[in-house]
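Undergrad: Build me a structure from this.
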Amino acid sequence: MSRKRIGPVLSAHQHRSTTVAVGIVVLLLAAAWTTHHAVVALSTDAQTRSRLTVVWISLFLVFLLQTFMYHLERVPQPGERARRHLDALHVSILVPVYNEDPGYLRLGLESFLRQTRMPDSVHIVDDGSTSGDYTEVRNWWEQAAARAGVATTWQVVANGGKRHAQAHAVRVSPQADIYLTCDSDSCFAPNAVEEILIPFARPRVMSVAGIVIATNNRANWLVRVTDLWFVVCQLVDRSGQSAVGAVMVNSGPIAAYRAGIIRDNLGSYLNETFMGRAVMFSDDSLLTLYAQERGLTVQQPRAICFTAMPENWGHFSRMYLRWMRGSTIRSVWRMRYLSPTRPAYWLHAMRWLQMILTQMVTVWLLVIEPLVFHELPPSSMLVIPFLIGYAQGLRYLSIIRSDERIRQRAVTWLAMPLAIVLAWTLLRFLRWYGIFTCAKTGWGTRQAGAEVSLSPTAAEAV
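TA: Residues are numbered from 1 along each chain as shown. A predicted model of the protein is given here:
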């Protein structure tokens with residue numbers, strides 16, 4: 001059936017550039033030379049220098065392997081037969097809503113109706129919101145969805161958390177072949193649904209992650225640096241994982257799963273506990289783990305979603321702390337349930353190795369060198385993380401947005417040192433604090449209402 005679509009508002013796409021690839025290689029070579037220069041410059045005894053050199057070389061080899069892997073990420077184009085199969089799939093979008101800003105909610109729902117491949121059904125669950133009135137949005141949506149030929153439901157349930165809201169949506173969509181999960185502030189680029197389905201042409205693919213960028217990237221510098229950091233993580237860490245079919249964490253704003261992955265694991269998904277406490281967060285990584293146990297988990301860099309990033313430090317720190325606690329819990333489950341024959345098992349181990357080696361280098365340079373050997377680290381050592389950061393950060397420029405000029409994105413890329421300093425100081429503290437407090441499994445945000453709102457000015461801009 002032909003369905004009328006309205007024109008796109010927010011859009012983005014990935015652009016593969018040889019210039020970006022060459023720039024990454026040049027900056028990494030410069031970082032390698034600087035590392036060698038710094039090691040030689042150290043004036044400690046030969047035995048100590050030798051041990052430290054091994055640590056630095058190991059860490060740099062991890063970065064080189066990571067760089068090699070993320071350049072291998074490819075999404076094959078399906079043939080005509082595969083496209084017919086993808087077109088026949090019933091795609092259901094699950095939208096849990098809790099204390100969301102009505103402006104962001106409507107922006108996201110509008111984006112579902114602008115897709116080049118329309119979803120077959122959209123299921124919205126208001127999880128007992130205590131702030132905001134969605135009556136106007138609901139009335140508009142039900143009429144707009146009916147005109148577009150998209151089946152929809154809108155449930156209002158008692159507050160039970162995001163997972164229970166998703167479960168309510170799953171139960172009213174038994175016909176779905178693919179579940180597309182999102183957040184209530186997700187705004188899909190016009191081709192997001194079409195693109196995120198393409199990897200499912202391979203029968204072994206069980207889940208697909210999309211790319212998430214900030215809707216409110218012009219709000220302030222915290223949002224811009226967060227957007228830079230988050231996009232680079234997706235196009236570096238996760239692209240490398242995707243190259244071997246081992247994405248470890250899908251993003252909440254946009255991810256797709258074969259329906260059986262969610263239906264068959266719904267009981268354990270709703271009742272996960274850690275140290276005797278119900279786990280309320282890290283839902284996306286748990287669904288990804290279920291998918292890893294059955295097959296491949298990949299990323300589709302051409303499926304892009306806009307989402308609202310935190311605009312103040314309090315909101316950001318709570319979000320990041322929740323991620324770190326969830327990451328720690330998920331690490332325990334991966335070591336326990338993933339087979340060592342799976343690439344994800346070893347990528348997970350390599351991530352921990354990288355984190356430990358980085359911590360060792362930091363402690364050595366800032367504590368052992370000054371206190372034990374009475375030597376300050378060579379100034380060239382300070383250049384290394386910035387060179388590596390700028391190299392990996394070039395991937396940020398490969399995302400082209402309809403609402404931002406490339407020179408504006410280049411200015412954000414130039415702020416990479418700020419992102420690196422943040423990562424090496426406050427975020428490092430939050431990471432370790434999250435590891436040691438992972439038993440605190442509550443959600444921790446939106447209890448008093450939406451923390452980011454779509455202002456009338458911003459709404460006109462997008």
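
Undergrad: Can you report how many residues lie near residue 342?
TA: 17 (other C-beta atoms under 10 Å). The way it works is simple: take the backbone N, C-alpha and C, and place the C-beta from them, glycine included.

Undergrad: doesn't residue 295 make contact with it?
TA: No - judged on C-beta atoms under 8 Å, residue 342 makes no contact with residue 295 at a distance of 10.1 Å.

Undergrad: List the contacts of the closest residue to residue 165 other than its chain neighbours.
TA: Nearest residue to residue 165 in three dimensions, chain neighbours excluded: residue 96, at 3.5 Å (C-beta to C-beta, 6 or more residues apart in numbering). By C-beta atoms under 8 Å, 6 or more residues apart in numbering, residue 96 lies in contact with 125, 127, 162, 165, 166, 169, 183, 184.

Undergrad: Spatially nearest residue to the second one (excluding sequence neighbours)?
TA: Spatial nearest neighbour of residue 127, chain neighbours left out: residue 165 (4.1 Å); criterion: C-beta to C-beta, 6+ apart.

Undergrad: Is the one you found in contact with residue 157, as I believe?
TA: Yes - counting by C-beta under 8 Å, residue 165 touches residue 157, with 6.9 Å between them.

Undergrad: For the two, list the residues in contact with both.
TA: With C-beta under 8 Å, 6+ apart as the test, residue 165 and residue 157 both reach 125, 127.

Undergrad: Show me which of the two is the more surrounded one.
TA: Higher neighbour count among residue 165 and residue 157: residue 165, with 25 against 14, using other C-beta under 10 Å.

Undergrad: Can you tell me the SS state at the more buried one?
TA: helix (DSSP: H, G, I helix; E, B strand; the rest coil).

Undergrad: Please apply the same query to residue 452.
TA: Residue 452 is classified as coil under three-state DSSP.

Undergrad: Contacts only, for it.
TA: Applying C-beta under 8 Å, 6+ apart, we find residue 452 in contact with 101, 104, 185, 216, 308, 309, 310, 311, 315.

Undergrad: for this protein, which residue is closest to the average position?
TA: residue 251 (4.1 Å; C-alpha atoms, centre = their mean).

Undergrad: What distance do you get for that one to residue 230?
TA: For residue 251, the distance to residue 230 (C-beta to C-beta, to the nearest Å) stands at 9 Å.

Undergrad: Find residues that contact each of the two.
TA: By C-beta under 8 Å, 6+ apart, the residues touching both residue 251 and residue 230 are residue 212.

Undergrad: where in this structure is pLDDT low?
TA: Within the chain, the set of residues satisfying pLDDT under 70 comprises 1-8, 18-19, 22, 26, 31, 33-60, 377-381, 443-450, 455-462.

Undergrad: Buried ones in whichever strand in the chain runs longest, by neighbour count?
TA: Assignment by DSSP state E gives strand 296-307 as the longest strand of the chain. Neighbour-count burial for strand 296-307, counted by 16 or more other C-beta atoms under 10 Å, picks out 296, 297, 298, 299, 300, 301, 302, 303, 304, 305, 306, 307.

Undergrad: can I get these in CSV with distance to residue 65?
TA: CSV is the format used below for the buried residues of strand 296-307 (distance: C-beta to C-beta, whole Å):
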residue, distance to residue 65
296, 20
297, 19
298, 19
299, 18
300, 23
301, 20
302, 25
303, 26
304, 27
305, 28
306, 31
307, 30
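
Undergrad: Could I get the full set of strands for the stretch 301-450 of the chain?
TA: Ranges of strands in the stretch 301-450 of the chain, per DSSP state E, counting those that start in this stretch, are 399-401.

Undergrad: coming back round to it: where does the residue nearest to residue 165 land in three-state SS?
TA: Look at residue 96: counting by three-state DSSP, its state is strand.

Undergrad: Would you mind naming the residues that bridge with it?
TA: Beta-bridge partners recorded for residue 96 (DSSP bridges): residue 125.

Undergrad: I'd like the distance between it and residue 322.
TA: Counting by C-beta to C-beta, the gap from residue 96 to residue 322 is 16 Å.

Undergrad: Would you check that residue 133 makes contact with residue 102?
TA: Yes - counting by C-beta under 8 Å, residue 133 touches residue 102, with 7.3 Å between them.

Undergrad: of these two, who's got more company?
TA: Set side by side, residue 133 and residue 102 show more neighbours around residue 102, with 19 against 9, by other C-beta under 10 Å.

Undergrad: returning to what we had before: give the full set of residues in contact with the residue nearest to residue 127.
TA: 96, 97, 98, 125, 127, 157.

Undergrad: I'd like the residues you listed as CSV, with distance to residue 355 appended.
TA: Listed next are the contacts of residue 165 as CSV, based on distance: C-beta to C-beta, whole Å:
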residue, distance to residue 355
96, 31
97, 35
98, 32
125, 36
127, 34
157, 39
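
Undergrad: Considering those, which is situated nearest to residue 405?
TA: residue 97 (33.2 Å; C-beta to C-beta).

Undergrad: what about residue 217, how many neighbours?
TA: There are 21 residues near residue 217, going by other C-beta under 10 Å.

Undergrad: Secondary structure element for it, which one?
TA: If you go by DSSP states H and E, residue 217 is not part of any helix or strand.

Undergrad: Excluding chain neighbours, give the residue nearest to it in space.
TA: residue 227 (4.9 Å).

Undergrad: Now do the same contact list for the one you found.
TA: Counting by C-beta under 8 Å, 6+ apart, residue 227 has contacts 213, 214, 217, 309, 412.

Undergrad: and with 7 Å instead?
TA: 213, 214, 217, 309 (C-beta atoms under 7 Å, 6 or more residues apart in numbering).

Undergrad: Residue 84 too?
TA: Per C-beta under 7 Å, 6+ apart, neighbours of residue 84: none.

Undergrad: Give me the secondary structure label for it.
TA: helix.

Undergrad: separation between it and residue 201?
TA: 10 Å.

Undergrad: now do residue 451
TA: 39 Å.

Undergrad: And for residue 426?
TA: Where residue 201 is concerned, residue 426 sits at a distance of 42 Å (C-beta to C-beta).

Undergrad: Those two: which has the busier surroundings?
TA: Each of residue 426 and residue 201 has its neighbours counted (other C-beta under 10 Å); residue 201 has more, 17 against 14.

Undergrad: Please look at that one and residue 79 and confirm they touch.
TA: No - counting by C-beta atoms under 7 Å, residue 201 stays clear of residue 79, with 8.1 Å between them.

Undergrad: Run the angle between the helix or strand where residue 286 lies and strand 296-307 for me.
TA: Here residue 286, judged by DSSP H and E, is contained in helix 283-294. If you take axes from the mean of the first three to the mean of the last three C-alpha atoms, to 10 degrees, helix 283-294 sits at 160 degrees to strand 296-307.
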